[in-house]
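Enquirer: build me a model from this:
(one chain, ligands or ions: 3)
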Amino acid sequence: RGLDKGFGFNKGFAAKYDLGDEVGRGHFGYTCAARIRKGARKGDAVAVKVIPKAKMTTSIAIEDVRREVKILKALAGHKNLVQFYDAYEDNENVYIVMELCEGGELLDRILSRGGKYSEDDAKSVLVQILNVVAFCHIQGVVHRDLKPENFLFTSKDENSQLKTIDFGLSDFVKPDERLNDIVGSAYYVAPEVLHRCYSTEADVWSIGVIAYILLCGSRPFWARTESGIFRSVLKADPSYNEAPWPSLTPEAMDFVKRLLSKDPRRRMTAAQALGHPWIRNYNDIKMPLDVLIFRLIKAYIRSSSLRKAALKALSKTLTVDELFYLKGQFSLLEPDRNGCITLDNIRMALTREATDAMKETRVQEILVSLSALQYRRMDFHEFCAAAVSVHQLEALDRWEQHARSAYEIFEKDGNRAIVIDELASELGLSPSVPLHVVLQDWIRHTDGKLSFLGFVKLLHGMSSRSLSKMR
Ligand SMILES: Nc1ncnc2c1ncn2[C@@H]1O[C@H](COP(=O)(O)OP(=O)(O)OP(=O)(O)O)[C@@H](O)[C@H]1O
Ligand SMILES: [Ca+2]
Ligand SMILES: [Ca+2]
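Expert: Numbering: from 1, shown residues only. Ligands and ions are numbered 1, 2, ... in the order given. As a prediction, this is how the structure comes out:
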């Protein structure tokens, strides 16, 4: 009824492939094994996801299929992502032809083990998941449906490689953009998705849920009804008291807790998770480039010199573990012989990582947002000040201590007198009378310099909300 169900995909599916047994089924279609009928790869086995056009009853449903194919195609090439081969259509169906994974779903392996994964076995699964998800995120794609049903093993082998499938709910997201549609599966959905304001961090939450399940065999957020699960996701803290948690390493628990931070700004990114002490020494993990770095640098270069001084003071208090991640990111940008990076280094690092489909727009967008870096270079010390996440540090038990020692350093070589209006504009607050009352606590009466409280507020800088208003 007026819906255009033409996708512009190839015709002639049946001439090229012999459809075999069904290997899986979902809400939207079914997946079959198939063999290539002719050509150089004649006889090879593939998987075909068949999506009946009769089920596409709205333009949104049609758009979803279009996007699924577009994203699969765009991301092709990562070793932990199902390899896309081709898309076909006829009057009845869309056919997505991809690599056949013969090892079954991660869910079934978890169930067959009775939920018992040793820490090392869990690491081997999680490293692969984090790798592919960090890759999706730097390419600007959120998966939005990460769960053990959507990871397949390539073979029945114990050490088989893991592949992400089902990009049916995935979407593109720009570095500062927020999505608002509620999608995904209740057990795995992040709190900010339920609040309709989220980005790539939501995927990391889902990985946290998977990690929790792998390590202890039960779900972190559980209830009998969907609304009960949502309530639990929003309000409840998962239990770490029952077996096997007390017998697991403290690092494992810390790892899971930092993936399941309710506040997405406090949550680790996928790239950071790969640098977490629990997992970073597993085999030879290579930490991928993290988009978070560019978001933070962008905010840093737009900050006043006072805020920069505050962040520099904070960065001098970072511990070895926190520096591990920043060092990794800095070296991915390949600093010059003097240990400095420029916008060019960022361009090259991004171009190296970006898939063809993303090269044009996304790299350009990120570079434009950093264009203030054009004629200057950044050494490692400044990089740390620029790329440190205040929100994440705040989530740590030792935050107070961090902030106090940073304030001492700031007192020696950064603090200066400031007036309320200046501070208000610094923080993106419109000056108003009640605001004056609040801000008074942020400025020391004796000398007009920032108090500890003011220092911490300044570290946070403008909220992303006031930043986007400014734009
Ligand atoms: N490449 C593949 N190789 C082997 N099996 C596959 C492959 N792709 C999908 N399957 C099987 O088919 C099932 C359904 O696929 P998929 O999740 O892509 O479909 P869907 O209709 O989007 O499902 P959902 O209801 O989860 O949204 C998978 O859970 C898996 O068991
Ligand atoms: Ca699925
Ligand atoms: Ca799906």
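
Enquirer: can you list the low-confidence ranges for the protein?
Expert: 1, 431-433, 463-471 (pLDDT under 70).

Enquirer: element containing the residue of it found nearest ligand 2?
Expert: Using Cβ to the ion, the closest approach of the chain to ligand 2 is made by Asp166 at 3.8 Å. Any C-beta I mention is one placed from the backbone N, CA and C, and that applies to glycine too. Assigned by DSSP states H and E, Asp166 belongs to no helix or strand.

Enquirer: what is the burial count for the residue nearest to Asn10 when sequence neighbours are not counted?
Expert: Leaving aside its chain neighbours, Asn10 sits nearest to Tyr88 (4.9 Å; criterion: Cβ to Cβ, 6 or more residues apart in numbering). For Tyr88, the count of nearby residues is 21 (other Cβ atoms under 10 Å).

Enquirer: repeat that for Ser369.
Expert: Neighbours of Ser369 (other Cβ under 10 Å): 19.

Enquirer: for Leu343, same thing?
Expert: Using other Cβ under 10 Å, Leu343 has 17 other residues around it.

Enquirer: can you pull the contacts of the residue nearest to it when sequence neighbours are not counted?
Expert: Of all residues not flanking Leu343 in the chain, Leu373 sits nearest, at 4.6 Å (Cβ to Cβ, 6+ apart). Counting by Cβ atoms under 8 Å, 6 or more residues apart in numbering, Leu373 touches 297, 301, 342-343, 346.

Enquirer: swap in Arg196?
Expert: Listed by Cβ under 8 Å, 6+ apart, the contact partners of Arg196 are 180-182.

Enquirer: ok, His143 next?
Expert: 133, 136, 150, 164, 167, 169-170, 203.

Enquirer: so Leu370 makes contact with Asn345?
Expert: No. Leu370 sits out of contact with Asn345 when judged by Cβ atoms under 8 Å, with a separation of 11.0 Å.

Enquirer: more neighbours, those two?
Expert: Asn345 (19 against 16).

Enquirer: picking that back up, which one of the contacts of Arg196 sits closest to Arg444?
Expert: Among these, Asn180 lies closest to Arg444 (Cβ to Cβ), at 41.5 Å.

Enquirer: ok, the closest one touching Cys197?
Expert: Yes. When contacts are counted by Cβ under 8 Å, Asn180 is listed as touching Cys197 (6.3 Å).

Enquirer: can you name the residue of the stretch 301-450 of the chain nearest to ligand 1?
Expert: Closest to ligand 1 within the stretch 301-450 of the chain is Thr355: 19.4 Å, counting by Cβ to the nearest ligand atom.

Enquirer: so which helix or strand takes in the residue of the stretch 101-250 of the chain found nearest ligand 3?
Expert: Residue nearest to ligand 3 within the stretch 101-250 of the chain: Gly168 (3.0 Å; Cβ to the ion). Assigned by DSSP H and E, Gly168 belongs to neither a helix nor a strand.

Enquirer: report the separation between it and ligand 1.
Expert: To ligand 1, Gly168 is 4 Å away according to Cβ to the nearest ligand atom, to the nearest Å.

Enquirer: same question for Tyr88.
Expert: Look at Tyr88 and ligand 1: by Cβ to the nearest ligand atom, they are 15 Å apart.

Enquirer: for that residue, what is the enclosing helix or strand?
Expert: strand 84-89.

Enquirer: re the thing from before, just put the contacts of Arg196 in a markdown table and tack on distance to ligand 2.
Expert: As requested, these are arranged in a markdown table below (distance: Cβ to the ion, whole Å):
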| residue | distance to ligand 2 |
| --- | --- |
| Asn180 | 22 |
| Asp181 | 18 |
| Ile182 | 17 |
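
Enquirer: can you say which of these are buried?
Expert: With neighbours counted using 16 or more other Cβ atoms under 10 Å, those contain no buried positions.

Enquirer: ok, the closest residue to Ala134 other than its chain neighbours - contacts?
Expert: Computed as Cβ to Cβ, 6+ apart, the closest residue to Ala134 that is not its neighbour in sequence is Ala270, at 3.8 Å. Applying Cβ under 8 Å, 6+ apart, we find Ala270 in contact with 130-131, 133-134, 137, 200, 203-204, 207, 288, 290.

Enquirer: one more time with 10 Å
Expert: Each residue near Ala270 by Cβ atoms under 10 Å, 6 or more residues apart in numbering is listed here: 129-138, 200-201, 203-204, 207, 259, 288, 290-292.

Enquirer: buried among those residues? Make that a PyMOL selection.
Expert: Buried residues within those, by 16+ other Cβ under 10 Å, are selected in PyMOL with:
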select buried, resi 129+130+131+132+133+134+135+136+137+138+200+201+203+204+207+259+288+290+291+292
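
Enquirer: in helices only, show me the contacts of Ala270.
Expert: 129-138, 201, 203-204, 207, 259, 291-292 (DSSP state H).

Enquirer: how about the strands in the chain?
Expert: 17-25, 30-36, 45-52, 84-89, 93-98, 141-142, 151-153, 162-164, 171-172, 340-341, 378-379 (DSSP state E).

Enquirer: make a markdown table out of those and add distance to ligand 2.
Expert: Shown next, in a markdown table, are the strands of the chain (distance: least, Cβ to the ion, whole Å):
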| stretch | distance to ligand 2 |
| --- | --- |
| strand 17-25 | 8 |
| strand 30-36 | 9 |
| strand 45-52 | 10 |
| strand 84-89 | 16 |
| strand 93-98 | 13 |
| strand 141-142 | 16 |
| strand 151-153 | 10 |
| strand 162-164 | 10 |
| strand 171-172 | 16 |
| strand 340-341 | 40 |
| strand 378-379 | 43 |
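
Enquirer: and those strands as TSV, adding distance to Ala406?
Expert: Converted to TSV, the strands of the chain look like this (distance: least, Cβ to Cβ, whole Å):
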stretch	distance to Ala406
strand 17-25	52
strand 30-36	53
strand 45-52	52
strand 84-89	48
strand 93-98	50
strand 141-142	33
strand 151-153	41
strand 162-164	39
strand 171-172	37
strand 340-341	24
strand 378-379	19
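
Enquirer: pretty sure Asn345 is touching Ile297, no?
Expert: No. Asn345 lies out of contact with Ile297 (Cβ atoms under 10 Å); the separation is 11.9 Å.

Enquirer: list the residues that contact both of the two?
Expert: Contacts common to Asn345 and Ile297, judged by Cβ under 10 Å, 6+ apart, are 373, 378.

Enquirer: circling back: the inter-axis angle of the strand holding Tyr88 versus strand 45-52?
Expert: Note on geometry: by axes from the mean of the first three to the mean of the last three Cα atoms, to 10 degrees, strand 84-89 and strand 45-52 are set 40 degrees apart in direction.

Enquirer: and strand 84-89, how far out from the chain middle?
Expert: 27 Å (Cα atoms, centre = their mean, to the nearest Å).
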